[in-house]
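Colleague: Got a predicted structure plus its sequence, pasted below:
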Amino acid sequence: MEQFYTIQGEGYNAGRAAYFLRLGGCDVGCVWCDVKESWDAGLHPRVAIQDMVAAVLAHPGRNVVITGGEPLMYDLTELTGALKEVGCQTWLETSGAYPLSGNWDWVCVSPKKFKAPLPEVVAQAHELKVVVFHKSDFAWAEQHAAMAGPHTRLYLQPEWSKAATITPLLIDYVKQHPQWQVSLQTHKYLDIP
Ligand SMILES: C[S@@+](CC[C@H](N)C(=O)[O-])C[C@H]1O[C@@H](n2cnc3c(N)ncnc32)[C@H](O)[C@@H]1O
Ligand SMILES: Nc1nc2[nH]cc(C(=O)O)c2c(=O)[nH]1
Ligand code: SF4
Ligand SMILES: [Mg+2]
């Protein structure tokens, strides 16, 4: 759908330069999704893997975030293989609703009530990043943390349109449950892609 070189804004790798490949297509249907224009894959041109790799290599960074849309709607074996071959670090942003494919250095799973993640994908997450839209989402976060591995990093991220009211709740929650960390969408505060 689009590609851009920016700073990873969220989660464990926040602050690091990364080239983003945003793949079109998602049927999860989050009411608050901040990239609804990605949902219909048919609206976006197809791009050859070799052209994506060439675009990455035209930039100094070698961290590549594959996001969407829901990237796991595709078999990502070939794309991640091509990126690894040229020395890239491959980082995934997924809801976990589809089977995991590809070769990853970092897997971020953000579980959604609209289409729950597959337990085996949650189990393979390096990072669980739960968007908090309502206070009931803390229970949803704990339910998925229990399915994750013992070393999975746990993040709570305020839903952007509700950030003013949700962030204070999230701060209190993390102080009471310090296994969790706060993740902010720092790129939105920085006004970068
Ligand atoms: C746009 S999604 C694309 C990748 C994948 N479909 C997913 O949901 O993980 C990228 C990240 O943005 C988060 N996100 C989307 N809309 C958001 C919003 N309004 N506020 C905060 N985070 C949001 C998602 O939860 C996910 O962690
Ligand atoms: N800077 C920046 N960081 C991000 N981290 C995850 C994003 C995404 O939409 O997947 C995202 C994004 O859209 N921009
Ligand atoms: S799964 Fe990701 S891309 Fe799909 S609707 Fe939800 S936030 Fe948007
Ligand atoms: Mg985004």
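Modeller: Sure, I can see it. Ligands and ions are numbered 1, 2, ... in the order given.
Colleague: how near is the residue most central in space within the chain to P178?
Modeller: Note on the chain: the residue nearest the mean C-alpha position is E93, at 2.6 Å, using CA atoms, centre = their mean. Look at E93 and P178: by CB to CB, to the nearest Å, they are 25 Å apart. Bear in mind the C-beta positions are built from the backbone N, C-alpha and C, glycine included.
Colleague: And for T67?
Modeller: Relative to P178, and taking CB to CB, T67 is found at 28 Å.
Colleague: likewise A18?
Modeller: In terms of CB to CB, A18 sits 28 Å off from P178.
Colleague: Between these two, tell me which one has more neighbours.
Modeller: The residue with more neighbours, out of A18 and P178, is A18; 22 against 9, by other CB atoms under 10 Å.
Colleague: in the protein, which spans are helices?
Modeller: 49-57, 77-85, 119-123, 137-145, 163-176, 186-190 (DSSP state H).
Colleague: returning to that earlier point: my guess is the residue nearest to the centre of the chain meets E70, correct?
Modeller: No. Using CB atoms under 8 Å, E93 is not in contact with E70; the gap is 9.4 Å.
Colleague: one step back: got the helices of the chain as TSV, with mean neighbour count columns?
Modeller: Shown next, in TSV, are the helices of the chain (neighbours: other CB atoms under 10 Å):
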stretch	mean neighbour count
helix 49-57	15
helix 77-85	16
helix 119-123	16
helix 137-145	17
helix 163-176	14
helix 186-190	13
